[in-house]
Structure formats: C-alpha cells, structure tokens
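Asker: quick one, fold the following:
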Amino acid sequence: MTSALFAAHALLPEGWARDVLVEWDEAGTIVAVRAGAAAAAARAPRAGGPLLPGMPNLHSHAFQRAFAGLTEHAGGKEQDSFWTWRTLMYRFASRLGPEQLEAIAAWLYTEMLLAGYTSVCEFHYLHHDLDGHPYAEPAEMSLALLRAARCAGIGFTLLPVLYQCGDFDAAPPGPGQRRFLHGTESMLRLLETLAPACAAQNAVLGLAPHSLRAVPPPALRDAVAGLAVLQPDAPIHIHIAEQQREVQACLAWSGQRPVAWLLDHMPVDARWCLVHATHMDEQEYARTAATGAVAGLCPSTEANLGDGLFDYPRWRAHGGHWGIGSDSHVCVSAAEELMLLEYGQRLRLQARNVGATTRHPNVATAMTLAAVAGGAQASGRRAAGLAPGQRADFVVLDERHVALQGLDAPSMLAAHVFASPRHSAIESVWVDGRKVVAQGRHARQEPARDGFLAVRRQLIDDCEP
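Answerer: Numbering: from 1, shown residues only. The predicted structure is shown next:
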C-alpha cells in the first residue's frame with residue numbers, strides 16, 4: 001500500500017521540477033519521485049503550493065523555550081554576555097521537573113512543525129532531579145522528551161549530553177550544573193536503556209559530549225569508543241568554539257584552539273556535528289570540512305547571545321556541510337534562521353546574495369537544499385530531501401498567501417524566507433508520510449499551547465525572589 005501527493009512544483013535535491021508525483025510506503029519511506037507526471041495527477045491529492053523537503057532542526061535545548069524573551073534586560077554593572085545569560089539559564093533549569101519539561105517540549109515541537117521543521121535533534125542535558133540526584137527511573141527526563149516528540153508527531157533524534165566538569169582542566173562543576181552530571185559508564189548505561197524506547201517510535205539515539213570544557217579528554221575518548229560499540233553510526237554532537245573566551249581558555253589549557261584540539265585527538269568524521277564552531281582559523285575551517293562533519297549553525301541564538309558570525313563563504317569554499325538549529329528558541333522558524341544566516345553574512349561582508357551558488361542563483365533555494373542535506377546528516381535520519389529511500393518529510397507552501405501569490409515557485413520560496421511572516425505561508429507539513437499540519441494548523445495546537453502557558457507561569461512565579 002502506497003500513498004501519493006502531486007505538486008505542480010517541487011524542490012528536489014537537484015533543483016526545482018514541475019509536475020512531480022511523490023509516492024511513499026506505509027513505513028513513511030519515499031518509494032518514487034517522478035517529474036513530468038501531470039497525467040498521474042488525477043489519482044493523487046494535489047499540494048496547495050510548492051512542495052519543499054522538510055527541514056531538520058539540528059540543535060535544540062527544549063526547556064529553554066520557556067524563558068525565551070525573559071533575559072533581554074541589563075543585569076547590572078557587568079557587561080551582559082553569554083556567560084551572564086548562562087547564569088540565568090541555570091537558575092531557570094534548576095526548577096524543572098519531568099512533567100514541566102514534557103509540556104514545554106510538546107508545545108515547542110508543535111511550534112517547530114508549524115514553522116516548517118519536520119525533525120529535531122534534542123541536545124538534552126537536564127538529566128537529574130532538582131537536587132542533582134538521579135530519578136528512580138534514570139531516563140525519566142529523556143523519556144519525557146520522547147513522549148513530547150511522539151505527541152507532536154515530529155521526527156526525533158535524542159542526544160543525551162555527557163557533562164562532567166565546570167571548565168577546562170577538569171574544574172569542579174558548580175551548583176547550577178549538578179542536574180547535568182553523568183559519569184562515562186552511567187551515560188553509556190543510559191544509552192542502553194534508551195535504545196528500545198527510541199526504536200519503538202522510530203527515533204534516532206546518539207550522544208552529545210557537551211563541550212571540551214565540560215568533558216575531560218579520557219572521558220570523551222571512552223564515551224565515543226563506548227558509543228561505537230553500542231551503535232557505530234550514531235550521531236555525535238558537541239558545542240565548540242562558540243565564544244572567544246572559550247577559545248582563549250582552551251589555548252591556555254592545551255596550547256591549541258578548540259576545533260584543532262578536537263581534530264587532533266578525536267576520530268571526527270561525518271557522524272559528528274560541531275555546533276556553532278563560530279571561531280575557527282583558516283586551518284580549522286579546511287581541516288574540519290575535510291572530515292565530512294556538519295557545522296551546526298544557530299543564527300538567531302548566536303545573535304541573541306552575542307557569539308559572533310560564522311564565516312559561511314569560507315566554509316562553503318572548503319566544501320563544508322552545514323545545517324540550522326534553533327538552539328535556545330528565541331526564534332522558532334526554519335525560514336527565519338536561513339534569513340538571519342544570510343543577513344549576518346551580508347552585514348559582515350557588505351555584499352548581497354552571499355548564499356547563492358552557480359547552480360542555484362536563488363539564495364533561498366541554494367540555502368534550503370544545503371541545510372536539509374546537512375541537517376539530515378547530523379540527525380542520523382534519512383531525511384535528505386524528496387528522493388527515493390528518504391523519509392516522507394515535506395512542507396507545502398500556501399500559493400494563495402499574499403506574499404507568495406502570483407510568483408513562480410523559486411520566488412515563492414524566496415518570499416517565504418525573506419518577505420513573509422514565515423509561519424503563515426506554510427499550508428501543510430508531513431512527517432514520515434503523515435500530515436501533521438493542515439491548513440496551517442496542528443491537531444493538538446490548543447492543548448499543547450495551554451499546557452506550555454501554565455508551566456511557564458508557574459516557573460516564572462517560582463523564579464521570582
């Protein structure tokens with residue numbers, strides 16, 4: 001038994017095509033994509049606009065959605081920075097339980113689907129109870145996230161975070177980090193525990209060593225080796241070179257920049273996603289791109305936290321793979337992350353259409369295809385576009401939307417990214433061949449929203465002095 005959808009215009013991995021029929025099986029895998037199939041249109045539902053591949057979100061801290069917008073005020077004499085923001089984040093994280101996390105994530109994942117993301121990589125480090133002790137069920141918080149993903153209907157990659165230190169040179173963790181901590185063996189046991197639960201809902205399980213400052217070299221080496229025994233092709237994500245202060249601290253600790261140290265000491269390859277990687281030198285750009293690893297770019301969060309700007313043209317010149325993530329969720333919009341990535345480069349270079357390529361001069365087309373391919377690689381899901389063997393994850397733009405109406409398909413995508421309210425131009429979203437957003441609405445939108453609002457109100461009350 002197969003299902004099908006016909007689109008007058010579809011963005012395939014090689015570019016735009018007309019009169020495209022996409023067919024998928026009961027497992028949600030695309031079995032055929034045929035261009036020039038107008039004769040077959042009568043027997044298949046018709047998309048209400050251009051058909052796009054679903055966008056993977058390669059970096060998420062779900063709980064942070066509940067305090068997005070609550071840190072936008074000066075904190076005192078010290079210049080606000082990533083590090084002052086982190087102190088506020090720790091305070092908020094110290095109050096969350098499993099039910100609250102599930103409610104926040106269920107709404108966030110619903111928002112993501114409404115905004116054109118069809119899968120998410122959850123970089124999950126809030127493991128233990130409020131006192132830092134393991135729950136009776138050590139996987140309690142991870143299971144809450146899996147339930148939220150299943151409820152929303154989003155594709156899911158769970159990345160439990162290994163976190164052991166407060167800074168480089170095995171500095172002891174602070175009180176705000178006590179909920180994050182895992183020994184290497186206990187982390188590997190957690191992965192073993194989670195494997196059946198992930199498999200049961202077709203989720204991918206990987207590992208996220210938090211950062212070089214949070215995981216000492218022996219633990220990093222042992223955890224990656226242990227993961228290879230459990231699942232050799234599992235994705236590995238790590239925060240790296242996000243802040244200049246981090247780079248300087250790594251130089252003081254090791255004599256090397258963070259990315260250079262990682263490349264010299266770990267088996268970095270296409271399984272790895274280097275999240276942010278904002279501050280690299282020329283050699284690091286070239287060497288990292290050569291490994292096949294993905295650069296995980298989170299433009300809205302990187303801007304919000306004052307991280308700096310990734311050198312996108314340099315990375316692309318070396319053939320580097322990349323994808324986008326919403327990270328702290330100050331913005332939940334696949335289109336807006338692409339817009340911010342492009343606009344950041346325009347401001348840095350004082351140039352326009354930086355993301356265009358010779359093959360795809362339309363910036364939105366070029367960036368969408370690259371971000372889908374890199375995001376799929378980082379997620380470990382077969383979600384690299386509208387092609388046989390890939391997941392049936394796709395988005396339909398609303399050709400009747402005022403920002404899109406009357407335009408050709410590439411211009412509709414460009415208008416969606418650069419000239420629309422982003423969300424409202426999305427007509428429907430499909431994940432694993434199931435329609436989860438129809439006419440711009442999710443079936444569980446209202447209860448998910450109400451649950452989130454109740455939890456956020458409670459957390460704000462708890463955080464007040």
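Asker: roughly how far does Ala223 sit from Leu51?
Answerer: Relative to Leu51, Ala223 is positioned 40 Å away (Cβ to Cβ, to the nearest Å). (Glycine included, C-beta is placed from N, CA and C.)
Asker: likewise Ser411?
Answerer: As judged by Cβ to Cβ, Ser411 and Leu51 stand 15 Å apart.
Asker: the two: which has the busier surroundings?
Answerer: Leu51 (25 against 16; other Cβ atoms under 10 Å).
Asker: counting neighbours, what do you get for the residue lying closest to Gln445 once chain neighbours are set aside?
Answerer: Once flanking residues are discounted, Gln445 sits nearest to Thr110: 6.0 Å by Cβ to Cβ, 6 or more residues apart in numbering. The number of residues packed near Thr110 is 27, by other Cβ under 10 Å.
Asker: the helix or strand hosting Thr110 - what's its average pLDDT?
Answerer: Per DSSP states H and E, Thr110 falls inside helix 98-114. Regarding helix 98-114, the rounded mean pLDDT is 98.
Asker: summarise which helices and strands it is packed against.
Answerer: strand 117-124, helix 140-152, strand 426-431, strand 434-438, strand 441-442, helix 445-463 (3 or more Cβ pairs under 8 Å, 6 or more residues apart in numbering; DSSP states H and E).
Asker: show me which residues of it are buried.
Answerer: Residues of helix 98-114 classed as buried under the neighbour-count rule (16 or more other Cβ atoms under 10 Å) are 98, 100-114.
Asker: just checking, Tyr109 touches Ala152?
Answerer: Yes: using Cβ atoms under 8 Å, Tyr109 is in contact with Ala152, at 3.7 Å.
Asker: leaving out the residues flanking it, which one is nearest to Leu191?
Answerer: Leaving out its chain neighbours, Leu191 is closest to Leu230 (Cβ to Cβ, 6+ apart), at 5.8 Å.
Asker: tally of neighbours for the one you found?
Answerer: The local packing of Leu230 (other Cβ under 10 Å) involves 13 other residues.
Asker: pull the distance from whichever strand or helix holds Trp83 to the chain's centre.
Answerer: For Trp83, the enclosing helix or strand under DSSP H and E is helix 82-93. Computed by Cα atoms, centre = their mean, to the nearest Å, the chain-centroid distance of helix 82-93 equals 21 Å.
Asker: would you put the C-alpha positions of it in CSV?
Answerer: Only the C-alpha atoms of helix 82-93 are listed here, as CSV (Å, rounded to 0.1, in the frame of the first residue of the first chain):
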residue,chain,number,x,y,z
PHE,A,82,26.8,34.6,27.0
TRP,A,83,28.2,33.9,30.5
THR,A,84,25.8,36.2,32.4
TRP,A,85,22.9,34.7,30.3
ARG,A,86,24.1,31.2,31.3
THR,A,87,23.8,32.1,35.0
LEU,A,88,20.1,33.0,34.4
MET,A,89,19.6,29.8,32.4
TYR,A,90,20.9,27.7,35.2
ARG,A,91,18.6,29.3,37.7
PHE,A,92,15.6,28.5,35.4
ALA,A,93,16.8,24.9,34.8
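Asker: which helices and strands sit right next to it?
Answerer: The contact analysis (3+ Cβ pairs under 8 Å, 6+ apart) places helix 82-93 against helix 445-463.
Asker: how much space between Glu192 and Ser420?
Answerer: Glu192 is 45 Å from Ser420, by Cβ to Cβ.
Asker: among the two, which residue is more densely surrounded?
Answerer: Of the pair Glu192 and Ser420, Ser420 is the one with more neighbours under other Cβ under 10 Å, namely 20 against 12.
Asker: confidence score at the closest residue to that one other than its chain neighbours?
Answerer: In this structure, Ser420 finds its nearest non-sequential neighbour in Ala403, 3.7 Å apart by Cβ to Cβ, 6+ apart. The per-residue pLDDT reported for Ala403 equals 94.
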